[in-house]
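K.L.:
Predicted coordinates and the sequence they were generated for:
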Amino acid sequence: MTKLIDGKQVANDLKVQIASSVKKLIALGITPGIAVILVGEDPASQIYVRNKQRAAEQLGIDSELINLPTTTSEAKLLAKIDQLNANPAIDAILVQAPLPAHINEERVQSAIAPEKDVDGFHPQNVGALYNNAKSYYPQANTPRGIMTLLAEYMPDLVGKKALVIGRSILVGRPMMAMLNNADATVTLAHRHTQDLDQLIATADLIVVAVGEPHFLKMSAAKADAVVIDVGINRLEDGSLVGDVLDDMPDSAQLLTPVPGGVGPMTIAMLMQTTIELARQHSTFE
Ligand SMILES: Nc1nc(=O)c2c([nH]1)NC[C@@H]1CN(c3ccc(C(=O)N[C@@H](CCC(=O)O)C(=O)O)cc3)C=[N+]21
Ligand SMILES: [Mg+2]
């Protein structure tokens, strides 16, 4: 088989460390707190939000779920965010994407105080990432989780050809910036990209985040490529598949499985970012 990158294992190791950090913070009188806002009743979003809450609970992090009806006005959501911005018990605020169409996501993400922006979506934090700023700022958790996996499975990124397919705010764009900050040579591909097959055939690292089952076949990549599958596609039979098809059973390639790859890392990094924000807010540091 293609070698699988065990995201679940790395995430569990990380969670052990986070739990011990939380204990130390609590001993200092600092209880990290995260608020998750879910607008609407999308079943997939409900599952993800529940996973996030369960992880927080396991690790000793306070979590508050704010579930607002689909019909919630943007003004009402912004007022809720203001309230959380002013609440000293809340260190981290996450507004679950996607939002209903009548709400402007850009305004919502910009309303979260940059120092509570656990997703790293606020323009100030995006700018810091883009500039590879030295001071602390929160970074998007999915690409950050991928960087953590790469530290273990592909430690030498310097000069390597990295291909990111998909340019979302959640994954592709911050992934591009993080790989660039790690001195990889980054190509960001998207629906208009020409000669994508050739880019795929020559890349050392491919991050696929397009949301289409079997978009990439492992046989199209280099014999020693590392492939990160960010896709989570629920098929009609209820099964979960990524964006990648492993049709190279005997290769030296590395691949993240779905489930058990990038997903658990996203949750672990979200908790890691929450305690980092709590530390930033404390007067002890
Ligand atoms: N503001 C915001 N921040 C996010 O980080 C964010 C978001 N909105 N909206 C949706 C996406 C998606 N996302 C996932 C997190 C964990 C799993 C996860 O735990 N996946 C498991 C499987 C879960 C299952 O069975 O469905 C796995 O891959 O093993 C998946 C997806 C975070 N997102
Ligand atoms: Mg606190």
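P.N.:
Yep, it's here. It should be emphasised that the depicted structure is a prediction, and the values quoted were computed from it without experimental measurement. Ligands and ions are numbered 1, 2, ... in the order given.

K.L.:
Which per-residue confidence value corresponds to the residue of the chain positioned farthest from its centre?
P.N.:
Distance from the C-alpha centroid of the chain peaks at residue 250, with 29.9 Å (Cα atoms, centre = their mean). Listed pLDDT for residue 250 reads 86.

K.L.:
I'd assumed it was in a strand, is it?
P.N.:
No: according to DSSP: H, G, I helix; E, B strand; the rest coil, residue 250 belongs to no strand; its state is coil.

K.L.:
name the helices or strands packed onto the helix or strand that residue 268 is a member of?
P.N.:
Using DSSP states H and E, residue 268 sits in helix 262-281. Packing contacts for helix 262-281, counted by 3 or more Cβ pairs under 8 Å, 6 or more residues apart in numbering; DSSP states H and E, involve helix 7-27, strand 33-39, helix 43-59, strand 92-95, helix 141-153. Where C-beta positions appear, they are placed from N, C-alpha and C, glycine not excepted.

K.L.:
Tell me which of the ones you listed sits nearest to residue 265.
P.N.:
Among the helices and strands packed on helix 262-281, helix 141-153 comes nearest to residue 265, with 3.0 Å by Cβ to Cβ.

K.L.:
and the angle from the closest one to helix 262-281?
P.N.:
110 degrees (axes from the mean of the first three to the mean of the last three Cα atoms, to 10 degrees).

K.L.:
What is helix 141-153 packed up against?
P.N.:
Short answer (3+ Cβ pairs under 8 Å, 6+ apart): helix 141-153 packs on helix 7-27, helix 172-181, strand 226-229, helix 262-281.

K.L.:
which is the next helix or strand following it?
P.N.:
strand 161-165.

K.L.:
Highest mean neighbour count out of the helices and strands packed on helix 141-153?
P.N.:
Mean neighbours per residue, mean count of other Cβ atoms under 10 Å, is largest over the helices and strands packed on helix 141-153 for strand 226-229, with a mean of 27.

K.L.:
ok, residues contacting that strand?
P.N.:
5, 146, 149-150, 153-154, 204-208, 216, 218, 221, 242-244, 253-258, 261-262 (Cβ atoms under 8 Å, 6 or more residues apart in numbering).

K.L.:
mind redoing it with 7 Å?
P.N.:
Residues outside strand 226-229 that contact it (Cβ atoms under 7 Å, 6 or more residues apart in numbering): 146, 153-154, 204-208, 218, 221, 242-244, 253-256, 258, 261-262.

K.L.:
Can you flag the buried ones in the residues you listed?
P.N.:
When neighbours are counted using 16 or more other Cβ atoms under 10 Å, the contacts of strand 226-229 contain these buried positions: 146, 153-154, 204-208, 218, 221, 242-244, 253-256, 258, 261-262.

K.L.:
Take those and keep only those in strands.
P.N.:
205-208, 244, 254-255 (DSSP state E).

K.L.:
Residues of the chain that sit close to ligand 2?
P.N.:
Contact residues, the chain versus ligand 2 (Cβ under 5 Å from the ion): 31, 33.

K.L.:
Could I get the contacting residues of the residue of the chain found nearest ligand 1?
P.N.:
Residue of the chain nearest ligand 1, by Cβ to the nearest ligand atom: residue 263 (2.2 Å). Residue 263 sits next to residue 232 when contact means Cβ under 7 Å, 6+ apart.

K.L.:
just the one 3 residues further on next, same as before
P.N.:
With Cβ under 7 Å, 6+ apart as the criterion, the residues that contact residue 266 are 141-142, 145.
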